[in-house]
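A.B. asks: Provided below are the primary sequence and the corresponding predicted coordinates.
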Amino acid sequence: MRDILSARFLARTGLLAILALYTFYSAGPFLWIASMSLRTTSEISANAYALPETLHWEKYIEAWTGSNYGAYFWNSTIVVVSAVLALTIIGAMAAHCLARYRFPGNRVVLFVIFSTLIFPPQITIISLFQSLVEYQLYDTLLGLTLVYIAIQLPLTVYILEGFFARIPQDLYDAAKVDGYSHWEIFWKITMPVGMPAIATTVILNFINLWNEFLYAVVLITDESNRTLPLGVQKFMGDQLEDIGMISTGLMIAIVPVIVVYAFFSEKLIQGMTAGAVK
Amino acid sequence: MTAITATSENGVRTSAFARLREALRGDDALTTAWGAVIVFVTPALLTYAAFTAYPVIRTFWNSVHIIRPGGRTEFVGLDHYVELFSNDDIFFRAVSNTLTWAGVAPLIDVGVGLLLALCLYAKVPFARVFRVAWFTPVLISYVVVAILWMWIYNYDWGVANMLLRSVGLQEWQQTWIGHPDTALWSLIFAHAWKWAGFNMVVCLAAIHALPREVLEAAELDNCGWFQKLIFIIVPMIRPTLVNLLILAFIGKMRVFDLVWIMTGGGPMWSTETVSTYVYKRAFEWNTFDLGYPSTVAAIWFIVVLCCVLGLTWLFRQRDRLEY
């Protein structure tokens, strides 16, 4: 009996050790960057792995003002917030319609929108570049926002349609008896009742677009229009050796996402697992 | 994925056909009111038409033209296609790298994700801390992941070589992303770092959705954890695993950001992917032609569609488990 217990204990300890190692591998890099973001480059070149002795918070101020991270951050914020707002309204309207109205072609529309999820981005990116140039939207935040709306639309419609279709019919029948118009039904029934799903898509779209790089690198050239991922990449290209400052920039890009995750982790995970779990 | 794209590549994608099948049953409620339908769907359809459908068609149109700067075009028929298949070694190198990546990485991602999910399901101590630590990389932008891993792979002061030195394996030190033999695998490893956590949360959700009785019955039958895994959990969450594999596959077929920032496709084309090649031909090389890269994109589009359809067909469930 004692042998079994100790064998179990050993297995358990071994497992925990492996998990601790994996955790070190998956979380260690964050701690490393966080620590480097508060150290100067000369301190880092002396020893890349030491903990900060003095916390150089002023590096964040310097990155924000001196290295243009402030501008990148606002560009990202403007683009992502407007794209997410538009996505929520356009996507919810379409999802409401597809989930609650019967009309010929309903399922075809859903399938067509949905199937674009598997398209590789290259199939659209060259032509989008051409079109945006033709309409003077190339290298503008508006152009990037429009493209961002389009690339996240399928996922948004997909998640919302699935949820809206499961709202009890009784609510809609009652609304019709009360004489609600089509728009009121959407605005006063579907939107409030569907809020959990809407919150999920908002968070998911926010994180995906905040991190987006490919379309930004193709559609934006001017320094003053760069979004944060683009700004960080260009900054690294120019200041390859300035490890300390790059780390600070990386932290500025990471923190908003971590904050969103900290507050909405359940919603986010629901969104990411929706659909993949059958 | 990409994003996610994944978102872009990330985000959620699921078997299109399962969805369509389910959808065709449709039991919709409000009777047709075309006015309302048009108002509700038009914004989405316009966005779709302008920013997805039209660009796709235009790319195919591009692929049989030479597109010079300033929009001057010249029809060349299938010349680009012939050129691509007859003497573009870089393209085939890119295809082989991308297919290697798309063949190997989904198995790693989903395998590791499943194992991590099982550990959390088995209620190891500190499960909450573990879950957060394992999941966080999913949220991080590829730009950040790329820079971070460039430092990890740095020859002089990177973590990888430092660990090797500290255990006395100096001769194993590498310029990880600077050598053609190791570069692709180093990138695959960094990419897996980001995605294992996503697969973990999805697997965990799927396991939690299983009926408790089945797992309890297995425990009563004195079923070891390994048997439980192979004979009960994996078959029961099979649809989820298949979805995850296909999602991961789609993500790897479009991989761009990480490669572009870490190696730019080098050294010696050893990490060139189809996406980076399209980007280079279109926007980096001074070939002054958007037609040829469009051809590459068009071919790859067809390849991805066929692969996804093929995989969906291959993994279709012939006998559905009822529970």
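C.D. replies: Thanks, I have the structure now.

A.B. asks: Assign the spatially closest residue to residue B:236 that is not a sequence neighbour to helix, strand or coil.
C.D. replies: Spatial nearest neighbour of residue B:236, chain neighbours left out: residue B:210 (5.5 Å); criterion: CB to CB, 6 or more residues apart in numbering or on different chains. Where you see a C-beta, it was placed from the backbone N, CA and C, and this is true even at glycine. Three-state call for residue B:210 (DSSP: H, G, I helix; E, B strand; the rest coil): coil.

A.B. asks: quick one: residue B:210 and residue B:238 touch, right?
C.D. replies: No: Residue B:210 lies out of contact with residue B:238 (CB atoms under 8 Å); the separation is 11.5 Å.

A.B. asks: can you pull out the strands in the stretch 1-150 of chain B?
C.D. replies: B:2-9, B:65-67, B:73-75 (DSSP state E, counting those that start in this stretch).

A.B. asks: pLDDT weak spots in the stretch 201-323 of chain B?
C.D. replies: Along the stretch 201-323 of chain B, the model assigns pLDDT under 70 to residues B:222-223, B:317-323.

A.B. asks: Please enumerate the helices of it.
C.D. replies: Remark: helices assigned in the stretch 201-323 of chain B by DSSP state H, counting those that start in this stretch are B:212-220, B:225-227, B:234-236, B:238-253, B:257-262, B:274-279, B:291-314.

A.B. asks: Tabulate the ones you listed in CSV, adding columns for mean neighbour count and distance to residue A:193.
C.D. replies: Shown next, in CSV, are the helices of the stretch 201-323 of chain B (neighbours: other CB atoms under 10 Å in any protein chain shown; distance: least, CB to CB, whole Å):
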stretch, mean neighbour count, distance to residue A:193
helix B:212-220, 12, 30
helix B:225-227, 11, 42
helix B:234-236, 14, 32
helix B:238-253, 23, 27
helix B:257-262, 25, 37
helix B:274-279, 26, 40
helix B:291-314, 19, 33
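
A.B. asks: follow-up on the earlier one: between the strands of the stretch 1-150 of chain B, which has the poorest average model confidence?
C.D. replies: The minimum mean pLDDT among these belongs to strand B:2-9 (a mean of 31).

A.B. asks: By residue count, which helix of the chain is the longest?
C.D. replies: No chain specified, so I'll use chain A. Identified as the longest helix of chain A according to DSSP state H is helix A:2-37.

A.B. asks: try again with chain B
C.D. replies: When chain B is parsed with DSSP H, its longest helix is helix B:89-121.

A.B. asks: hey, which helix or strand in chain A has the poorest pLDDT?
C.D. replies: Lowest on mean pLDDT, DSSP states H and E among the helices and strands of chain A sits helix A:41-46, with a mean of 80.

A.B. asks: Who are the packing partners of that one?
C.D. replies: Contacts defined by 3 or more CB pairs under 8 Å, 6 or more residues apart in numbering or on different chains; DSSP states H and E place helix A:41-46 against helix A:243-273.

A.B. asks: Can you list the buried residues in the helix it packs on?
C.D. replies: A:243-254, A:256-257, A:260-261, A:264-265, A:267-273 (16 or more other CB atoms under 10 Å in any protein chain shown).

A.B. asks: Chain A versus residue B:105, what's the distance?
C.D. replies: Separation of residue B:105 from chain A (CB to the nearest CB, to the nearest Å) stands at 16 Å.

A.B. asks: Would you check that residue B:125 makes contact with residue A:16?
C.D. replies: Yes: with contact defined as CB under 8 Å, residue B:125 counts as touching residue A:16 (6.9 Å).

A.B. asks: For the two, work out which one has more neighbours and name it.
C.D. replies: residue A:16 (15 against 10; other CB atoms under 10 Å in any protein chain shown).

A.B. asks: what sits against that one?
C.D. replies: Going by CB atoms under 8 Å, 6 or more residues apart in numbering or on different chains, residue A:16 touches B:124-125.

A.B. asks: Spatially central residue for chain A, please.
C.D. replies: residue A:207 (1.3 Å; CA atoms, centre = their mean).

A.B. asks: Could you check how far residue B:307 is from residue A:115?
C.D. replies: Look at residue B:307 and residue A:115: by CB to CB, to the nearest Å, they are 14 Å apart.

A.B. asks: Hmm, residue A:29 is touching residue B:150, no?
C.D. replies: No: the pair residue A:29 / residue B:150 is not scored as a contact, 11.6 Å apart, by CB under 8 Å.

A.B. asks: tally of neighbours for residue B:132?
C.D. replies: Look at residue B:132: counted by other CB under 10 Å, it has 15 neighbours.

A.B. asks: what's near enough to touch it?
C.D. replies: So residue B:132 contacts residue A:265 (CB under 8 Å, 6+ apart).

A.B. asks: Give me the local confidence score for it.
C.D. replies: Reported pLDDT for residue B:132: 86.

A.B. asks: any bit of stretch B:278-289 sitting next to chain A?
C.D. replies: Yes: interface with chain A: stretch B:278-289 contributes B:278-279, B:282-283 (CB under 8 Å from any CB of the partner chain).

A.B. asks: Show me which residues of that stretch are buried.
C.D. replies: By 16+ other CB under 10 Å, the buried positions in stretch B:278-289 come out as B:278-282, B:289.

A.B. asks: Just give me the neighbour total for the closest residue to residue B:297 other than its chain neighbours.
C.D. replies: In space, and not counting its chain neighbours, residue B:297 is closest to residue A:122: 3.9 Å by CB to CB, 6+ apart. Residues within reach of residue A:122, counting by other CB under 10 Å, total 26.

A.B. asks: end-to-end on stretch A:178-186?
C.D. replies: End-to-end distance for stretch A:178-186: 14 Å, by CA to CA, to the nearest Å.

A.B. asks: touching chain B at all, it?
C.D. replies: Yes: against chain B, stretch A:178-186 shows contacts by CB under 8 Å from any CB at A:182-183, A:185-186.

A.B. asks: Just the closest of these to chain B, please.
C.D. replies: residue A:182 (3.8 Å; CB to the nearest CB).

A.B. asks: The residue lying closest to that closest one once chain neighbours are set aside: what's it in contact with?
C.D. replies: Distances taken as CB to CB, 6+ apart place residue B:36 nearest to residue A:182, at 3.8 Å, with adjacent residues excluded. Contacts for residue B:36 (CB under 8 Å, 6+ apart) come out as A:97, A:101, A:182-183, B:30.

A.B. asks: again, only this time at 10 Å
C.D. replies: A:96-97, A:100-101, A:103, A:181-183, A:185-186, B:30 (CB atoms under 10 Å, 6 or more residues apart in numbering or on different chains).
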